[in-house]
Each structure stands twice: as C-alpha cells, then as structure tokens.
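Peer 1: I would like to see how this sequence folds:
(one chain, ligands or ions: 1)
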Amino acid sequence: MKKIGVLTSGGDAPGMNAAIRAVVRKAIYHNVEVYGIKYGYQGLMEGNIERMEIGSVGDIIHRGGTILYSARSEEFKTDAGQEKAIEQLNKFGIEGLIVIGGDGSFRGAQKLTEKGYPCIGVPGTIDNDIAGTDFTIGFDTALNTVIEAIDKVRDTATSHERTYIIEVMGRNAGDLALWAGLADGAESILIPEKKEDFSTVVNKLKRGRKRGKKHSIIVLAEGVGSGFDYGKRIEESTDLETRVTVLGHIQRGGSPSAADRVLASRLGAQAVDLLLEGKAGRMVGIEKNVLVDHDIAKVLHEKHTINDDMYKLSQELSI
Ligand code: F6P
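Peer 2: Residues are numbered from 1 along each chain as shown. Below is the predicted model of the structure:
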C-alpha cells in the first residue's frame, strides 16, 4: 500500500487531532503518502481530499476539535453514496482508509469494507460507548471537563444549600455520568444501563439534609431523559430548592488530556500498521493497556457495557 486516506466523522472529540497526527506521521515514516479527507464521508463523496505532509500535522497534538472537520452524512448511508466515495478514493489512488469516529462512522467503514475497500476504524467519541475498547479517544478529556464544571457548581450549591441535577452527554451510554459521578462524589448517578427508583433518590436526598448536608449533586446521563424534567419532579416531591445544569457541547471541546493524546497517538499509529499489514474491516482499541483490534462488524453488533463494580462502589460511597 503506497497511499492511504484519513477522515474524522460524526461528533468530534478531543484527541482526534492527535490521532490524525499519528496516522500522518506513522504513514510517512513508512514512506506511504497520506491524504486528508475533509468533512467526513460527505467531503469524501465530494472529493474534498488533500495530500498531507509532516508539517500538515505540526502544532495540533494539543488542540481540541479536528483539523479535518467533521460531518454527519445521510447520502453516504445509501449504496449510491458509498459508490461515489469509492470512486473518489480510486480517482486519487488511495488504497486504504482510516476512519476516526464513533459507531455511526464505523457503520460507514464497514459498508466500504464490504464493497471491497479496506478500512480501519479508530474509536473517537466522548461517549465511551464502543465495544472492544476500554476507552475511546476524547472520553478522558470530556470527563475532566465535567469534573471541573461540577466542582464549580458544588461551590454555589453549598452556599445556597441547593440540590443540583447535572445533565451530561453520552448519547445512550452512561460511562461519562458514572465516572463523573464517582469522581465527584455525586449523591446519585442516573444512567440508562441501571434503573434507580425515584423514591430511592429522593430518600437519599432527604437523609443527607437531615444529617446536615449542605448540597446535593445528582449526575444524570442524557440517555435517561431530561435533567429539567427530573429536577421538576424533585422540587414537586420535596421542599428542596433544585437547579439543573445541562453541560452540553462544552464537553466536546478543549485541549485533550495527556491520557487522550497518548491513546490517540497509539491507536492512530496502530491503525496505519494494520492497513499496511493488509488488514481490513478492523477497529483498533485498547484493553487492559494493550493495543488490540477487532472485526468492526462484531464491534457494531456488541454492546459496550458499564463497569458494574464501579456502579456498585458509587452506591456504597454515597450512602
Ligand atoms: O456522540 C457524541 C455526542 O456529543 C453525544 O454525547 C451527544 O448525544 C451527541 O453527540 C450530540 O450530537 P450533536 O453534536 O449533533 O448535537
């Protein structure tokens, strides 16, 4: 393989730039030309493709977002869209593609691979919702952003003796909420993977107040429902003054943490190695700090699960 392409797709995540850098530098290290595809699959179908050099990825390892930009494309989900994409890749003589993104992006990579075009997936999403890897690029940074925000909210919550619902992202997954809740000593953690009775949450709040607790923090994953609705329910069933903070897209930005930069560098480089070994339809990941790769179809079929021990611990520590 003498020419490969790289794109970022779906929701951006801090560390994507570090992954792009690793792909470009590792490919050039092996005397392979690299082409950057802008705006994900949409840009690919439109031929928005540029040759990348060593310098194209200088000074980006510490930056959030993605220098290749990102998009979600409906057209690419169609057969015609996928054929268009392969036509463009062939036109540029690009022989293999590295896709940095989440499960939606991997579905695209799988389709191209099924059509005979070799793709490798690199998991990049703040949601940490991909099977076959302990961590996705961007999760650690987003987690730290959430923690910083909750620490600030906690100050004002204490001053006013309020209960706060902090709604965090994660789509249908609870990892971000679970880790943030554990890291911040939240009173309750509400995630789609576990059912927590409303009465249990309320009783815990009441117990805390009785023993003189000055504030309460509940971390709610967006996959559970609206933080505002939950806050309203609490105010209606208690005399606790409640406020809701929806952290939103702040969680997707910012300079990547050291952990994300290192993870992105390792996974990006590993993806190049796999393509050069002639592999296709694989996703690179990390399990127990060892680099692994799995069949993308299998990854898409399986469900990422939360760590039950961590959930149990969060409950034991927030009595
Ligand atoms: O997948 C990343 C993510 O930030 C999710 O946590 C969230 O549900 C979604 O993307 C938001 O998507 P958009 O940026 O299109 O509003």
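Peer 1: if I look at the residue sitting furthest away from the middle of the chain, how far off is Leu276?
Peer 2: For the chain, the largest distance from the centre (CA atoms, centre = their mean) belongs to Lys210, which lies 38.7 Å off. Distance of Lys210 to Leu276, computed by CB to CB, to the nearest Å: 63 Å. C-betas here are computed from N, CA, C, even on glycine.
Peer 1: for the ligand, what are the nearby residues on this protein?
Peer 2: Counting by CB under 6 Å from any ligand atom, the residues of the chain close to the ligand are 11, 102, 125-127, 169-171, 222, 252.
Peer 1: show me the contacts for the spatially most central residue of the chain.
Peer 2: Centre of the chain computed as the mean C-alpha position; nearest residue by CA atoms, centre = their mean is Thr125, 1.8 Å away. By CB atoms under 8 Å, 6 or more residues apart in numbering, the contact list for Thr125 reads 10-11, 13, 101-103, 136-139.
Peer 1: same question, Gly64
Peer 2: By CB under 8 Å, 6+ apart, the residues touching Gly64 are 12, 14, 17, 141, 252-256.
Peer 1: Secondary structure of it: a helix, I assume?
Peer 2: No. Using DSSP: H, G, I helix; E, B strand; the rest coil, the secondary structure at Gly64 is coil, not a helix.
Peer 1: Tell me, what's the model's pLDDT at it?
Peer 2: Predicted confidence (pLDDT) at Gly64: the value is 98.
Peer 1: which parts of the lengthiest helix in the chain are buried?
Peer 2: Taking DSSP state H as the criterion, the chain has its longest helix at helix 139-160. Under the neighbour-count criterion of 16 or more other CB atoms under 10 Å, helix 139-160 has 139-146, 149-150, 153-154, 157 buried.
Peer 1: Okay, now the unreliable bits of the stretch 1-150 of the chain?
Peer 2: Regions of the stretch 1-150 of the chain meeting the criterion pLDDT under 70 are absent.
Peer 1: Please enumerate the strands of it.
Peer 2: Secondary structure of the stretch 1-150 of the chain, counting by DSSP state E, counting those that start in this stretch: strands at 3-8, 33-37, 49-52, 96-101, 119-123.
Peer 1: Would you map the helices across the stretch 101-250 of the chain?
Peer 2: 103-114, 139-160, 175-183, 198-210, 227-237 (DSSP state H, counting those that start in this stretch).
Peer 1: Give me the packing partners of the fourth one, helices and strands only.
Peer 2: With contacts defined as 3 or more CB pairs under 8 Å, 6 or more residues apart in numbering; DSSP states H and E, the packing partners of helix 198-210 are strand 188-190, strand 216-221, helix 227-237.
Peer 1: deepest of these, which one?
Peer 2: Mean neighbours per residue, mean count of other CB atoms under 10 Å, is largest over these for strand 216-221, with a mean of 27.
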